[in-house]
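Q: Can you look at this prediction? I've put the sequence above it.
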Amino acid sequence: MSTLFVAGMNHRSAPVEVRELLAAEPDTLRDLLRELLDRGVCREAVVLATCNRVEIYGVSAVPGEARDAALGRLGRARGLDLADIHPHLYTWTGAEAIRHAFRVAGSLDSLVIGEPQILGQVKDAFAIAQSAETVGPVLHSLMTRAFAVAKMVRSETEIGRHAVSVSFAGVQLARKIFGALEGRSVLLLGAGEMGELAAKHLLEQGTQPVYVANRTVARAEELARTLAGIALSFEGVARALETVDIVIACTAAAEPVVRAADVRAIMQARTRPLFFIDLGVPRNVEPAVNDLDNAFCYDIDDLRAVVDSNLRERQFQAERAESLVDREVGRFVARLRDVEVVPTIVSLRDKIEAIRRAEVDKALARLPGVPEQTRRVIEALSQAIVGKVLHAPIVKLKDSSRDGRGRRWRAVIAEVFGLRDEGRSARADLDS
Amino acid sequence: MNAVLYDVALTAYIAATATAIASLTSRREILVRLTRWLAQGGWIAHSVALVLRGAELGRVPLATLPEAISVVIWAVVLLELWAERRFRIPVLAAFVLPVVLMLGLALPTELRALVLAPGVRNAWIWAHVVLALVGLTALVLNFAGAVMYLLQERQIKGKQPSSLYYRLPSLEALDRLSVRTLTLGFAFLTAGLLMGAVRVGTAWGGALAGDPLAMLSLVAWVLYAATLSGRMTGRWRARRAAYFAVAGFCVLLVTLGAGMMLQGHHGS
């Protein structure tokens, strides 16, 4: 009897020294997947290999063997001994495997909960398995459902909404102050790498123009080119401060380059807020700026505190996501059981329909020249009888699949109605 | 029947207020939905009650101050349900419903037959009541916007984001809500007070000073006028405007309380 399983290791169960032994290229994966099916250890297989996890999703009568075959093959080139990695492995089957698949795709099992890359990685793994033709009906419905659940987690909870990097936290704060950032102007002071990154994030949100100022004018002009901005001399900065909305400071200056007294004077003349993102160490903006009405100033530690808080918020959202996953696992298990009896229902219908068709044709052949109306009555009569006879067994099949006795009833129905193809595999199920 | 419906509405509003406030700190989606259902349910019961009341009286139930406040509550809840969706501020209810509740509980449960002296009942008075009512409705939302602005500003300045920070919209959005509702509320309040003042000369014989509601309304009007002109001329920043909006609304509440409690020309 085949079961759905997932087995492997992740960033929690295994250290990087172990995980790196199993790193794999897409081509290797394709060969591996084919081999698993050819050797007959799996009926279906998908292998997910990222820097944080190596997992095999499969349908197999011998999940443990399939797992060892897959991982052993992956680590062979690097001299991996399976006995060494066994303590780091986990294996889930049935509903737990489904839950694991949903949690991984939904980024609930990630190192940084809610990070968006994992869904793409799962999709890639699925695509590789499809190209290797190792995806069957079970993994196909599991994976497509996992993608849908991941999407649901993202839209129904705020799990991925809050930034977990310092530079992006600055952008989100700007959004909490200014709302949409389209058309907001930015001043970038200094040429530090983090400043450039923050400016790029802001650009992606539609801010413009971006003014760039640096002690060396050549560097300012170079940065202005990459950011599609306007280079300013350091004298131009004072004027720019009066009009811009967001200031990113990331200079190597030993003293603050923005003084609270200057900002106070600027704030007198303007009604719009002014937001300083100070990424410099030592700080580039005097902290007293934050005390001025309508001026906000976050230094690097403030931003880190926001990131910490965002991570806690993600944790709360993850709890909501877990209950969503619970619900979806329940639904999927029910559906999977339906899937198990669907082939029987289809062949049952096909068989009876074939009988009906043949008998009706025979009868009509014996009645040449009957009016169209009589033909129609005979058709309807035969259809009604077939429908009513089939109703009870089909309902029984569906019900039994939901309370977990689908296999037995599948075999019984196949036996009783003499469904040949179905019968053979179903009898095997009865025996197992 | 009528009194029962008012009680149902009030109970639903109380429950909605509780779930709305709980939803500020809890992250349970269900609380937000529950709040909306309760508020909608209460509003429907309230609507039916108002219609029945009108049928019973044979006129629009707006002729006395308690009646007018009841209609204000009805309009505020309607506006809140709309604005919550329109501006995508699911926490709006937590700031509007407590005000609704305060007004609702201040109302005498049994609406006594407090009717204006027949001599002053005419078109001018209806205009006065309706205009002031629309103004008051907008100013309830203005108050909620101002409170949310002050809280969010404090969250951002304080650099210790709590669950409020994540739930409240941007300062820009809150400021926009405040300015719009202030403009609207002030315009209607002004027109409403003018209508009232016109009547004063004829009906009360110019005895404006004797009416507490009229006097306090003027104080509130001055506060709102200052806020609006400060904002419009760009001399005031959003935070100061928010403080004044809160102060102005407190005076309005005192005004209404005084109107119901104290002897004057507004029908108590």
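A: Good, I have the coordinates.

Q: Return the list of helices and strands in contact with the host helix or strand of A:V47.
A: Using DSSP states H and E, A:V47 maps to strand A:44-49. Where contact means 3 or more Cβ pairs under 8 Å, 6 or more residues apart in numbering or on different chains; DSSP states H and E, strand A:44-49 is packed against helix A:26-38, strand A:53-60, helix A:63-75, helix A:117-131, helix A:137-156. Just so you know, the C-beta spots here come from the backbone N, C-alpha and C atoms, and that holds for glycine as well.

Q: One more pass at 10 Å, please.
A: Identification of packing neighbours for strand A:44-49 by 3 or more Cβ pairs under 10 Å, 6 or more residues apart in numbering or on different chains; DSSP states H and E yields strand A:3-10, helix A:26-38, strand A:53-60, helix A:63-75, helix A:94-105, helix A:117-131, helix A:137-156.

Q: To chain B, which of those lies closest?
A: Nearest to chain B, of all the helices and strands packed on strand A:44-49, is helix A:137-156, at 7.5 Å by Cβ to the nearest Cβ.

Q: mind checking the backbone torsions on the residue lying closest to A:P282 once chain neighbours are set aside?
A: Among residues not flanking A:P282 along the chain, A:A254 sits closest, at 6.3 Å (Cβ to Cβ, 6 or more residues apart in numbering or on different chains). Per-residue torsions, A:A254: phi -80, psi -30 (degrees, to the nearest 10).

Q: And A:A254, how close does it get to chain B?
A: 24 Å (Cβ to the nearest Cβ, to the nearest Å).

Q: Out of the helices and strands packed on strand A:44-49, which is the most enclosed?
A: Among these, ranked by average contacts under mean count of other Cβ atoms under 10 Å in any protein chain shown, first place goes to strand A:53-60 (a mean of 26).

Q: mean confidence for it?
A: Averaging pLDDT along strand A:53-60 yields 92.

Q: Identify the residues contacting A:L227.
A: A:V186, A:L188, A:E196, A:A199, A:K200, A:L202, A:L203, A:Q208, A:P209, A:V210, A:Y211, A:V212 (Cβ atoms under 10 Å, 6 or more residues apart in numbering or on different chains).

Q: if I look at it, how far off is A:L197?
A: Using Cβ to Cβ, to the nearest Å, A:L227 is found at 11 Å from A:L197.

Q: B:L97 too?
A: For B:L97, the distance to A:L197 - Cβ to Cβ - is 43 Å.

Q: okay, the two: which has more neighbours?
A: Higher neighbour count among B:L97 and A:L197: B:L97, with 28 against 18, using other Cβ atoms under 10 Å in any protein chain shown.

Q: give me the element that one is part of.
A: helix B:92-106.

Q: which strands and helices sit next to that helix?
A: helix B:2-25, helix B:29-57, helix B:65-86, helix B:123-158, helix B:238-261.

Q: Any chance of JSON lines for the ones you listed, columns mean neighbour count, mean pLDDT and distance to chain A?
A: JSON lines is the format used below for the helices and strands packed on helix B:92-106 (neighbours: other Cβ atoms under 10 Å in any protein chain shown; pLDDT from 0 to 100; distance: least, Cβ to the nearest Cβ, whole Å):
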{"stretch": "helix B:2-25", "mean neighbour count": "19", "mean pLDDT": "88", "distance to chain A": "11"}
{"stretch": "helix B:29-57", "mean neighbour count": "18", "mean pLDDT": "90", "distance to chain A": "7"}
{"stretch": "helix B:65-86", "mean neighbour count": "20", "mean pLDDT": "86", "distance to chain A": "15"}
{"stretch": "helix B:123-158", "mean neighbour count": "21", "mean pLDDT": "89", "distance to chain A": "6"}
{"stretch": "helix B:238-261", "mean neighbour count": "20", "mean pLDDT": "85", "distance to chain A": "6"}
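
Q: tell me the SS of the closest residue to A:E115 other than its chain neighbours?
A: Spatial nearest neighbour of A:E115, excluding adjacent residues (Cβ to Cβ, 6+ apart): A:S107 at 5.7 Å. Classification of A:S107 using DSSP: H, G, I helix; E, B strand; the rest coil returns coil.

Q: right, and A:S107 touches A:Q117 too?
A: Yes. Using Cβ atoms under 10 Å, A:S107 is in contact with A:Q117, at 8.4 Å.

Q: What segments of the stretch 201-350 of chain A are helices?
A: A:217-226, A:236-243, A:260-268, A:300-365 (DSSP state H, counting those that start in this stretch).

Q: Any idea which of these gets closest to chain B?
A: Closest among the helices of the stretch 201-350 of chain A, using Cβ to the nearest Cβ: helix A:300-365, at 4.7 Å.

Q: Next secondary structure element downstream of the closest one?
A: Per DSSP H and E, the helix or strand that comes after helix A:300-365 is helix A:372-402.

Q: and that next one, which residues are buried?
A: In terms of neighbour count (16 or more other Cβ atoms under 10 Å in any protein chain shown), helix A:372-402 has its buried residues at A:I378, A:S382, A:V386, A:L390, A:P393, A:I394, A:L397, A:K398, A:S400, A:S401.

Q: Distance from the chain centre to it, please.
A: 43 Å (Cα atoms, centre = their mean, to the nearest Å).

Q: Now do it: which elements does it pack against?
A: Looks like helix A:372-402 contacts helix A:300-365, helix A:406-417 (3+ Cβ pairs under 10 Å, 6+ apart).

Q: Any idea which residue of the stretch 1-150 of chain B lies closest to chain A?
A: B:R27 (5.1 Å).

Q: who's in contact with the closest residue to that residue other than its chain neighbours?
A: Closest residue in space to B:R27, ignoring its immediate chain neighbours: A:F316 at 5.1 Å, by Cβ to Cβ, 6+ apart. Contacts here follow Cβ under 10 Å, 6+ apart; on that basis A:F316 touches A:T157, A:E158, A:I159, B:S26, B:R27, B:S163, B:Y166.

Q: and the stretch 151-268 of chain B, which residues reach chain A?
A: Contact residues, the stretch 151-268 of chain B versus chain A (Cβ under 10 Å from any Cβ of the partner chain): B:152-153, B:155-163, B:165-176, B:231, B:233-240.

Q: Go again with 8 Å.
A: Residues of the stretch 151-268 of chain B lying close to chain A (Cβ under 8 Å from any Cβ of the partner chain) are B:152, B:156-157, B:159-161, B:163, B:165-166, B:169-173, B:234, B:236-240.

Q: Just the closest residue of chain A to chain B, please.
A: A:G179 (3.6 Å).

Q: Confirm for me that that residue is in contact with B:D175.
A: No. Judged on Cβ atoms under 8 Å, A:G179 makes no contact with B:D175 at a distance of 9.1 Å.

Q: So the two - more neighbours on which side?
A: B:D175 (24 against 17).

Q: Can you report how many residues lie near A:T93?
A: 15.

Q: Mind listing the residues bridging to the closest residue to it other than its chain neighbours?
A: Take A:T93 and drop its neighbours on the chain: the residue closest to it by Cβ to Cβ, 6+ apart is A:F5, 4.5 Å away. Counting by DSSP bridges, A:F5 forms beta bridges with A:G58, A:T93.

Q: wait, what's in contact with A:F5?
A: A:Y57, A:G58, A:V59, A:S60, A:P63, A:A66, A:R67, A:T91, A:W92, A:T93, A:A97 (Cβ atoms under 8 Å, 6 or more residues apart in numbering or on different chains).

Q: Can you tell me how far the second one is from A:G8?
A: So that's A:G58. A:G58 is 11 Å from A:G8, by Cβ to Cβ.

Q: can you check the fourth one too?
A: Taking Cβ to Cβ as the measure, A:S60 and A:G8 are separated by 14 Å.

Q: Partner strands of the strand holding A:V47 and their direction?
A: Per DSSP bridges, strand A:44-49 is paired in its sheet with strand A:53-60 (antiparallel).
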